[in-house]
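Peer 1: Structural data only, the sequence is not supplied:
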C-alpha cells in the first residue's frame with residue numbers, strides 16, 4: 001500500500017515538473033481561492049475556539065437577567081444587570097457551576113493610571129487604560145498568564161480592597177511591578193500581579209488593568225447603590241446590579257442541566273421579590289453558550305445543533321462562493337491539460353486501463369497541486385489577517401465598543417487548530433473535485449480511436 005502511494009506521488013511530481021507553467025498557475029489559483037475562504041474560517045476560529053486565556057469557551061455561559069414587572073409576559077423588562085448578592089445566593093450555590101463571576105466590562109471603564117515615578121514627577125495628564133472590574137472567580141474562568149504575582153483573592157475582592165492586576169505592557173509603561181502602588185483615577189491601588197497582555201481579539205478577557213468591583217470611589221456601583229438614583233427598593237438593593245454574569249460549567253454538564261437546576265431557584269427568588277415589593281415581579285434568565293453569544297445571524301431561543309448549523313449557513317455559503325468561482329477557471333485549465341494528454345489516455349485505455357482508474361489518477365494528481373495551493377493559501381490568509389489586525393473596522397468585529405486596549409497581537413492558536421486544519425483540507429478536496437472531476441470525466445469518455453488520433 002505504501003509503495004503504491006509512493007509510486008503515485010512520484011508520478012504526480014513528474015507531471016508537475018513536466019508542465020511547470022500549468023502547475024504554477026494551478027497552485028496560484030488554488031492559493032487565492034483557499035486564502036479567501038480561510039480568512040472567514042480564521043475569523044470564526046478566533047471567535048469560537050478555546051484560545052488562552054479564553055480556554056473555557058466551550059463550557060462558558062453568558063447569563064442575561066431581566067426583571068419584568070406586572071402580570072403580562074410582554075411587559076418591558078426594566079433592568080438586565082445583577083448584583084453581587086444575587087450572584088452569591090443563586091449561581092454560586094448551583095451544583096453544575098464550577099465558577100461564577102460578575103463583570104463590569106472594559107468598555108464601560110476608562111481609567112487614568114500613573115505609577116510612582118509619574119506621581120513623583122507630577123505628570124500633568126495620566127495615560128488612559130481600559131479596566132475590567134470583576135471578582136476572584138474571573139481568574140478561574142479566564143486563565144491569564146501571570147508573569148509575576150497572583151490574582152486578587154476572594155477576601156480582597158469581597159472586601160473591596162484597593163488591589164489590582166495589570167498587564168506587562170502597562171507595567172512597562174508606568175515602571176511598575178508587583179508590590180508597587182499605582183494611582184487609578186487618583187485612588188492608590190496595590191499591584192498584586194502582572195499578567196501577559198491579552199489580545200483585543202479575545203474580548204471577554206482583554207483589559208489593561210483588573211480591579212475588584214466592590215472598591216469604593218470608582219463609580220462602579222455593582223449593587224446599584226448609585227446616589228444619583230431616585231430612591232431604592234428591595235430589587236434595587238438586593239437583586240439589581242451593574243454586573244454581567246459569566247458561568248463556568250463543571251465538566252459533563254450542559255446548558256440544559258443549568259436551566260433545569262436554575263428553574264426552582266428562579267421561581268423562588270421571583271416570589272421573594274414579588275412579596276417584598278407587594279406586586280408581581282418576574283425574574284427571567286437567558287443563558288447563552290459562547291457560540292450563540294458571538295454568532296447570532298438568526299435570533300432564536302433554541303440553542304441546539306440545528307440552530308447552530310443554521311447560524312453557520314451565511315459564512316458557509318460565502319466560503320463556497322469563494323471556492324466555486326475560482327474552480328470554474330481552474331476547470332478550464334484542467335480541460336486544456338486533458339486535451340493535451342488525450343493521446344496518452346487513449347494508449348492506456350487501448351492496453352486495458354479502466355476509465356475509473358484513469359479518472360482516479362487524474363483527480364489525485366490534481367489533488368497534490370490543490371494541497372500545495374491550500375498550504376500557500378493558508379499562509380496567505382494568516383498573513384492577511386495579521387496585516388489588518390490593527391484596522392479599526394476589523395477590530396470592531398471582535399471588540400463591541402471602542403476600547404483603549406494596548407495589545408492587538410495574535411496567537412498561533414488563532415491561525416492553527418485541528419478544526420482549521422480539517423477545514424482547509426476539506427476546502428482543498430472540494431475545490432479539486434469541482435475543478436478536475438467534470439473535465440476529466442468528459443475527456444476520458446471519448447472513444448479510444450478519437451483519443452489516439454488527438455494531436456499532442
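Peer 2: The structure has been received and is ready for your questions. Everything numeric here is computed off the predicted structure, so don't read it as measured data.

Peer 1: drop to CA atoms for contacts and neighbour counts, all remaining ones
Peer 2: Will do.

Peer 1: Now do the strands in the stretch 301-450 of the chain.
Peer 2: With DSSP state E, counting those that start in this stretch as the definition, the stretch 301-450 of the chain shows no strands.

Peer 1: how about low-confidence regions in it?
Peer 2: 301-302, 335-353, 355-360, 393, 396-397, 399-408, 438-450 (pLDDT under 70).

Peer 1: Could you pull out the buried residues of stretch 128-144?
Peer 2: Residues of stretch 128-144 classed as buried: 128-139, 141-142, 144 (neighbour count, 16 or more other Cα atoms under 10 Å).

Peer 1: So which of these are in strands?
Peer 2: Here DSSP state E is the test, and the buried residues of stretch 128-144 give 128, 129, 130, 131, 132, 133, 134 as lying in strands.

Peer 1: Can you tell me which of those residues is closest to residue 329?
Peer 2: For these, the minimum distance to residue 329 (Cα to Cα) is 48.9 Å, reached by residue 130.

Peer 1: Do I have it right that that closest one meets residue 110?
Peer 2: Yes. Between residue 130 and residue 110 there is a contact at 4.8 Å, judged by Cα atoms under 8 Å.

Peer 1: In CSV: the ones in strands among the buried residues of stretch 128-144, plus distance to residue 305 and pLDDT.
Peer 2: Listed next are those as CSV, based on distance: Cα to Cα, whole Å; pLDDT from 0 to 100:
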residue, distance to residue 305, pLDDT
128, 43, 77
129, 39, 84
130, 36, 86
131, 35, 89
132, 32, 92
133, 34, 93
134, 32, 95
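
Peer 1: Mind putting those into CSV with distance to residue 251?
Peer 2: Formatted as CSV, these follow (distance: Cα to Cα, whole Å):
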residue, distance to residue 251
128, 39
129, 35
130, 32
131, 30
132, 27
133, 27
134, 23
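
Peer 1: what comes up buried for stretch 423-431?
Peer 2: Residues of stretch 423-431 classed as buried by neighbour count (16+ other Cα under 10 Å): 423, 424, 425, 427, 428, 429, 430, 431.

Peer 1: Can you pull out the residues in contact with that stretch?
Peer 2: The set of residues external to stretch 423-431 that reach it, using Cα atoms under 8 Å, 6 or more residues apart in numbering, is 30, 34, 38, 41, 323, 324, 327, 367, 370, 371, 374, 378.

Peer 1: just checking, what packs against the one helix or strand the second one maps to?
Peer 2: Right, the one you point to is residue 34. Assigned by DSSP states H and E, residue 34 belongs to helix 20-48. Secondary-structure packing of helix 20-48 (3 or more Cα pairs under 8 Å, 6 or more residues apart in numbering; DSSP states H and E): helix 290-294, helix 305-340, helix 355-387, helix 418-444.

Peer 1: Buried residues in it, which are they?
Peer 2: Residues 22-23, 26-48 are the ones in helix 20-48 that count as buried (16+ other Cα under 10 Å).

Peer 1: in the stretch 51-200 of the chain, which spans are helices?
Peer 2: 84-89, 116-121, 138-141, 154-158, 168-174 (DSSP state H, counting those that start in this stretch).

Peer 1: and of those, who's closest to residue 291?
Peer 2: Judging the helices of the stretch 51-200 of the chain by Cα to Cα, what sits closest to residue 291 is helix 138-141, at 16.4 Å.

Peer 1: and the closest one, what's its mean pLDDT?
Peer 2: Mean per-residue pLDDT for helix 138-141: 96.

Peer 1: Identify the residues contacting that helix?
Peer 2: Under Cα under 8 Å, 6+ apart, the answer for helix 138-141 is 54, 56, 60, 99, 100, 101, 102, 151, 247, 248.

Peer 1: How about the backbone phi and psi for residue 105?
Peer 2: The phi/psi pair for residue 105 (degrees, to the nearest 10) reads phi -60, psi 160.

Peer 1: a strand runs through residue 218, doesn't it?
Peer 2: No. Counting by DSSP: H, G, I helix; E, B strand; the rest coil, one finds residue 218 to be coil, located in no strand.
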